[in-house]
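J.: how would this look folded up:
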Amino acid sequence: MTFIEIVYGIVFQPAPTLKYLSGNKPLVLAVMAFSITALWNMIINMGLNNATGFTASLPDGYIGVYLFIGLLISLAVLAASAAMYNLLGELIYKQANGRGILTCLAFGFVPGILAPPLQYALTLLNFNYFNINISILAFLWVMALQIIGIREALVIQTGQALLLFVLPWLIFMVFIVALVLLLGMIVPGIM
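T.: This next block holds a predicted model:
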């Protein structure tokens, strides 16, 4: 598959395309697509912040630093997510495909490139109240693609992939609640 066929497939035929990607693992292409999407989103969001009157702008010459650090953080989160899902897949379902998961997660993020330009256009047209809806829809679309990608990469059921996708967040929430309760027990009068 060419890059254009992959992007078309991600948008219109996600399951077969992600199955192909999990098997062939074009990792360099996936990281490039993810990086372009992340950089594009950061640039559009800077314009969106300026259009909405958010005045905390970067000093001259620091836009490149902002983009570089943002890209590094995005790539680190992508790698950590893929590693976590691969580890959970190995522990829970005895299925592992780290490169396939990383490739699918990266390409699953690509349709998110549509949300910031739509939000920017709506802001310029003074339809700001639709921006939250676009954000929610883009988030749900990317989340669904990543769940399908995990499913295809690990060759598991959709419910199992959903559990793998949600499990780290559940663990994190339990940890935060336990930390707050512990803090409440240690520091009297805080709760």
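J.: In the top helix by length along the chain, which residues are buried?
T.: Looking across the chain with DSSP state H, the single longest helix is helix 158-186. Neighbour-count burial for helix 158-186 flags 160, 161, 162, 163, 164, 165 (criterion: 16 or more other Cβ atoms under 10 Å). Heads up, the C-betas are built off the backbone N, CA and C, glycines and all.
J.: same question, stretch 129-142
T.: Buried, per 16+ other Cβ under 10 Å, within stretch 129-142: 131, 134, 138, 141, 142.
J.: same thing with stretch 21-37?
T.: Neighbour count says stretch 21-37 has 21, 22, 25, 26, 29, 30, 31, 33, 34, 37 buried, by 16+ other Cβ under 10 Å.
J.: circling back: quick one: which of the buried residues of helix 158-186 is nearest residue 85?
T.: Residue 85 lies nearest to residue 164 out of the buried residues of helix 158-186, by Cβ to Cβ, at 5.6 Å.
J.: Give me the pLDDT for that closest one.
T.: Residue-level confidence at residue 164 comes out at 94, pLDDT.
J.: Could you measure from it over to residue 96?
T.: Per Cβ to Cβ, to the nearest Å, residue 164 is found 12 Å from residue 96.
J.: what residues are shared contacts of the two?
T.: Contact criterion Cβ atoms under 8 Å, 6 or more residues apart in numbering; residues shared by residue 164 and residue 96: 89, 154.
J.: Spit out the contact partners of the closest residue to residue 20 other than its chain neighbours.
T.: Distances taken as Cβ to Cβ, 6 or more residues apart in numbering place residue 1 nearest to residue 20, at 6.2 Å, with adjacent residues excluded. Neighbouring residues of residue 1 by Cβ under 8 Å, 6+ apart: 9, 17, 20, 24.
J.: Hmm, residue 81 is touching residue 105, no?
T.: Yes - the criterion here is Cβ atoms under 8 Å, and residue 81 meets it with residue 105 at 5.9 Å.
J.: between those two, which one's more packed in?
T.: Using other Cβ atoms under 10 Å as the criterion, residue 81 and residue 105 rank with residue 105 on top: 24 against 18.
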